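> can't give you the sequence, but here's the structure:
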């Protein structure tokens, strides 16, 4: 089952490496990882996506708590209505000719994506949504246009309402 784990840790040299090393040593695969400072620049928030069952998730969480520099660990339940999750996709597509450009603009309107860069031959599209919706958008783009490059940010997630993960 897909699990989203959010970790607050001290923004120190080697802290991220220890988290990744724990996953590697225990044989847990990291499917997706993002990391950035929080509003407190001395604290980094890491979001990790992994496939595991509830027992493995509990083991991972307990092991993460034991690491030096880890402040807090939380599981953002993917099936819950209590989490907002987003990811950014940039996709570069061939856009030669008036017809192709019009079709790209139409597809962007349907999905509420944006055209963020234009050259005579290429468009760069930006789409912000859940991972599942990004997959749908990328499939639609790939079926209609020649994709030359893609890049995804990785998932960021946050609890809705009063529940929060902070220092």
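Yes, it's here. Every value quoted in this text rests on a predicted model; they were computed, and no experiment measured them.
> next SSE after the one helix or strand residue 18 maps to?
Under the criterion of DSSP states H and E, residue 18 resides in helix 15-26. Note on helix 15-26: by DSSP H and E, the next helix or strand toward the C-terminus is strand 32-37.
> hang on, the earlier thing: which other helices and strands contact the helix holding residue 18?
For helix 15-26, the contact count by 3 or more CB pairs under 8 Å, 6 or more residues apart in numbering; DSSP states H and E identifies strand 2-10, strand 43-51, helix 54-66 as packing neighbours. (C-beta placed from N, C-alpha, C; glycine too.)
> next, the angle from that helix to strand 43-51.
Interaxial angle, helix 15-26 versus strand 43-51 (axes from the mean of the first three to the mean of the last three CA atoms, to 10 degrees): 20 degrees.
> ok, residues contacting helix 15-26?
7, 9, 29-30, 33, 35, 44, 46, 48, 50, 59-60, 63-64, 67-70 (CB atoms under 8 Å, 6 or more residues apart in numbering).
> narrow these to those that are buried.
Among the contacts of helix 15-26, those scoring as buried are 7, 9, 33, 35, 44, 46, 48, 50, 60, 63-64, 69-70 (criterion: 16 or more other CB atoms under 10 Å).
> which one's the longest strand in the protein?
Secondary structure of the chain per DSSP state E: the longest strand is strand 83-94.
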